[in-house]
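Q: With the input below, show me the fold.
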Amino acid sequence: MKKLISLICVASLLLGLVGCDKQPGNTASNGEYQPPRKTSTYAIVVKDRNNQYMQSMISGFQAACDELGVNAISNGPDTPSAAEQVEIINDLIEKEVSVIAIAANDAEALSPSLQIAIDRGIKVVSLDSAVAASGRQLHIQQARPKKVGRVLIQAAAEIIEGSGKLAVLSSTENAPNQNDWIKWMKAEYDENPDKYAGIEWTEIVYGNDDSELSQAKTRELLEKYGEELKIIIAPTVVGMEAAAKVITETGSNTKLTGLGLPSQMSKYFTSDDGICPWMYLWNVIDAGYLAAYAAHALESGEIKGDPTDVFMAGRLGAKVVDDAEDGGYEVLLGDPIKVDKKNILIWESAY
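A: Here you go, the predicted model:
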């Protein structure tokens, strides 16, 4: 009898241990054990980690991931480099992350690795600067490139009252978003010869999103064209701040407009004849936030990434998938925001 009781106790203990092993999982309707689902990991890869614009984008991505209950990680090269981004992508593939959101340093160079990621079941979303359509499932378009490019040169013309020389200070020669905006600047200029008859488009220089190099390129422009250079358009936040510093230090009368961070540029809006009468941008934090929600909609199956797909993007509300100019698909954040003396302090507190 004692032996029988002992056997029953051992059997009960073993069943209890098996039961303990099952607790984290679920039991399907057919009684079969299902292992627990692991928490998804969403990765954001930026152009370079030392760029305040990119850090603001990361913060929005992280905030959305916290709301969605997924893990968030961020990475990027120290300086803009497509080759280093490829290495980071390959590492994320090996780690089997659920999502890669990336701001591309080169549209084409990243595509082969991202295609592998997609084939492995990883959802790929680009933001800020698009990868080629074949290397992504969605792109988060901060504002229509056509609108950004045209509004920048229209602003420049208005600031210098339609007369003088103009130059462009860009980031890198291969940056997809920069080249898109510049393409539309040039289109606006070429298509409206009467409107821009008094303005001479001189050249485009590249500061590689490096503050020191951007400052050096600005000095070269000021030395080369002197007081005839009436305005510089910098469609890059690093270039905007760098150019503003040099113009201030040299005492030049050259004006500045472009895409800048309010927190970096507010001091250049202080007077009626300020260096930068106005500039443009969008909510950078929201761009990162939207990327995480779009990726989650893909991962959860809420959308397939086809045109007219609709998903909820947290505090941003409903968003619609649309056709992109490059043949892929995108989600629009909104229109560019004009930042001037009237609202600079409001936006400065945001980013």
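
Q: Report pLDDT for the nearest residue to residue 213 once chain neighbours are set aside.
A: In space, and not counting its chain neighbours, residue 213 is closest to residue 207: 4.8 Å by CB to CB, 6 or more residues apart in numbering. Where C-beta positions appear, they are placed from N, C-alpha and C, glycine not excepted. What the model reports as pLDDT for residue 207 is 97.

Q: Now residue 207. Its backbone dihedrals?
A: Main-chain dihedrals, residue 207, degrees, to the nearest 10: phi -100, psi 0.

Q: any weak-confidence spans in the stretch 251-351 of the chain?
A: Applying pLDDT under 70 to the stretch 251-351 of the chain flags residues 271-273.

Q: Please enumerate the helices of it.
A: With DSSP state H, counting those that start in this stretch as the criterion, the stretch 251-351 of the chain has helices at 262-265, 284-300, 344-348.

Q: and the second one, what other elements does it pack with?
A: Here helix 284-300 is seen to pack against strand 41-45, helix 52-68, strand 99-102, strand 123-127, strand 138-141, strand 310-312, strand 318-323 when contacts are counted using 3 or more CB pairs under 8 Å, 6 or more residues apart in numbering; DSSP states H and E.

Q: quick one, which of these is nearest to residue 281?
A: Of all these, it is helix 52-68 that lies closest to residue 281, at 8.8 Å by CB to CB.

Q: chain center to the closest one: distance?
A: Remark: helix 52-68 is offset 10 Å from the chain centroid, using CA atoms, centre = their mean, to the nearest Å.

Q: quick one: the helix or strand following it to strand 41-45, angle?
A: Where DSSP states H and E defines the elements, the next helix or strand beyond helix 52-68 is strand 71-75. Relative orientation of strand 71-75 and strand 41-45, computed by axes from the mean of the first three to the mean of the last three CA atoms, to 10 degrees: 20 degrees.

Q: List the contacts of the helix or strand following strand 71-75.
A: Going down the chain from strand 71-75, the next helix or strand is helix 82-94, by DSSP H and E. Here helix 82-94 makes contact (CB atoms under 8 Å, 6 or more residues apart in numbering) with 43, 45, 47, 75-77, 100, 102, 104-106, 109-110, 113-114, 116-117, 120, 122, 174.

Q: One more: stretch 324-332?
A: Applying CB under 8 Å, 6+ apart, the set of residues contacting stretch 324-332 is 130, 132-134, 136-141, 143-145, 180, 290, 294, 305-307, 319-323.

Q: For it, measure first residue to last.
A: Stretch 324-332 has an end-to-end distance of 10 Å (CA to CA, to the nearest Å).

Q: got it, and stretch 333-351?
A: 17 Å.

Q: Which positions in that stretch come out as buried?
A: 333, 336, 339, 344, 347-348, 351 (16 or more other CB atoms under 10 Å).

Q: quick one: which of the residues you listed is nearest to residue 220?
A: Nearest member of the buried residues of stretch 333-351 to residue 220, counting by CB to CB, is residue 339, at 27.1 Å.

Q: ok, that closest one - contacts?
A: By CB under 8 Å, 6+ apart, the neighbours of residue 339 are 260, 262, 265, 278-281, 347.

Q: is it possible to export the residues you listed to a markdown table including distance to residue 230?
A: Converted to a markdown table, these look like this (distance: CB to CB, whole Å):
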| residue | distance to residue 230 |
| --- | --- |
| 260 | 18 |
| 262 | 24 |
| 265 | 19 |
| 278 | 15 |
| 279 | 16 |
| 280 | 19 |
| 281 | 22 |
| 347 | 26 |
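
Q: ok, of the residues you listed, which come out buried?
A: With neighbours counted using 16+ other CB under 10 Å, those contain these buried positions: 260, 262, 265, 278-281, 347.
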